[in-house]
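K.L.:
Structure, please.
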Amino acid sequence: MQSLKILLLGAAVGCVTGLPAAASSSAWYDSEGGKVRLVTSGKPDEAGRIHGVLDIALKPGWKTYWRDPGDAGVPPQLDISASTNIADATLSFPAPQRHDDGYGKWAGYDYPISLPVTFTLAAPNEPAVIDADIFLGICETICIPVQTRLHLDPGSDPDNAADAAQVKAALASLPSPARPDFGINVLPGDHETLVVEASFPGNPEAADFFVAGERDYMFGAPVRNEKDGKLVFTIPILDRPSTAPTDGGLHYTLTSAQGAVSGLLPFP
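P.N.:
Numbering: from 1, shown residues only. As a prediction, the model looks like this:
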């Protein structure tokens with residue numbers, strides 16, 4: 001989205017706190033284009049993790065962003081530093097759609113979406129309370145940054161079947177791990193381009209590739225090229241760190257008519 005179209009509305013951007021909820025889900029926070037809340041499955045698993053979702057109920061005609069917002073958007077962000085006994089929180093993302101609104105190209109969702117969140121307990125056998133500062137952008141013809149703090153006590157309603165079912169469904173909606181017959185192979189590129197060859201089931205016209213600009217990388221929209229039965233995506237590298245990181249990689253998602261996979265690719 002064009003950055004000049006983002007309205008920094010005081011009511012949406014101020015530190016407004018959703019009403020506390022003594023339940024495994026938070027109260028809803030309402031904004032102009034929809035509402036957001038946190039839902040958890042209540043009980044931690046054997047590894048000391050509580051699974052949940054950031055539930056984004058968009059109104060018709062409104063959209064929100066993937067982990068990489070494209071030209072000038074606001075990706076969903078979650079800060080749990082005010083929480084009790086929560087060491088970390090990691091957002092996961094279903095396969096996005098590609099959008100071009102005439103002002104910029106970006107990846108996201110134009111329907112209500114539940115983003116899985118994994119909360120890691122600092123002390124697995126101790127109670128936890130989640131106070132999460134949420135920041136995301138929702139867009140119609142303009143983009144509105146939404147900021148609020150959501151509160152919940154997962155242990156207060158650990159057997160809520162509806163919450164557990166929503167979390168389970170959101171986790172099931174995530175892309176599968178990439179595999180040799182459905183994934184990518186990084187080809188030689190140069191300092192300004194990332195080149196990948198895609199393997200996938202189904203019609204090549206339905207395939208698309210999304211890579212997240214993280215760790216000071218920024219990417220342009222992929223350019224498709226079909227040759228000799230192979231589909232190759234060439235992605236412009238618009239910005240990059242002075243030295244490539246040596247740990248981890250860049251998140252990507254490859255979509256097709258028969259589903260989606262995700263994985264990490266080496267830093268170019």
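K.L.:
Helices of the stretch 1-150 of the chain, start to end?
P.N.:
Applying DSSP state H, counting those that start in this stretch to the stretch 1-150 of the chain gives helices spanning 10-13.
K.L.:
show me where it has strands.
P.N.:
For the stretch 1-150 of the chain, the strands defined by DSSP state E, counting those that start in this stretch cover 16-17, 29-31, 34-40, 49-58, 63-65, 77-79, 86-91, 97-100, 105-109, 113-121, 130-139, 143-152.
K.L.:
For the fifth one, which helices and strands make contact with it?
P.N.:
By that I understand strand 63-65. Contacts defined by 3 or more Cβ pairs under 8 Å, 6 or more residues apart in numbering; DSSP states H and E place strand 63-65 against strand 105-109, strand 130-139. From N, CA and C alone the C-beta is placed, and that goes for glycine too.
K.L.:
right, and those - which one's nearest residue 227?
P.N.:
Closest to residue 227 of these, according to Cβ to Cβ: strand 105-109, at 23.4 Å.
K.L.:
thinking again about what came up before, comparing the strands of the stretch 1-150 of the chain by mean pLDDT, which bottoms out?
P.N.:
Among the strands of the stretch 1-150 of the chain, strand 16-17 has the lowest mean pLDDT, at a mean of 42.
K.L.:
Flag every buried residue along stretch 219-226.
P.N.:
219, 220, 221, 222 (16 or more other Cβ atoms under 10 Å).
K.L.:
wait, isn't the third one in contact with residue 105?
P.N.:
This points to residue 221. Yes: using Cβ atoms under 8 Å, residue 221 is in contact with residue 105, at 4.6 Å.
K.L.:
hey, what's in contact with both of these two?
P.N.:
70, 98 (Cβ atoms under 8 Å, 6 or more residues apart in numbering).
K.L.:
Mind checking what secondary structure residue 163 has?
P.N.:
helix (DSSP: H, G, I helix; E, B strand; the rest coil).
K.L.:
My read is that it contacts residue 157, right?
P.N.:
Yes: with contact defined as Cβ under 8 Å, residue 163 reaches residue 157; the gap is 7.4 Å.
K.L.:
Between the two, point out the one with more neighbours.
P.N.:
Neighbour totals were compared for residue 163 and residue 157, and residue 163 leads with 23 against 16 (other Cβ atoms under 10 Å).
K.L.:
per-residue pLDDT, the more buried one?
P.N.:
Reported pLDDT for residue 163: 93.
K.L.:
distance of it from residue 231?
P.N.:
40 Å (Cβ to Cβ, to the nearest Å).
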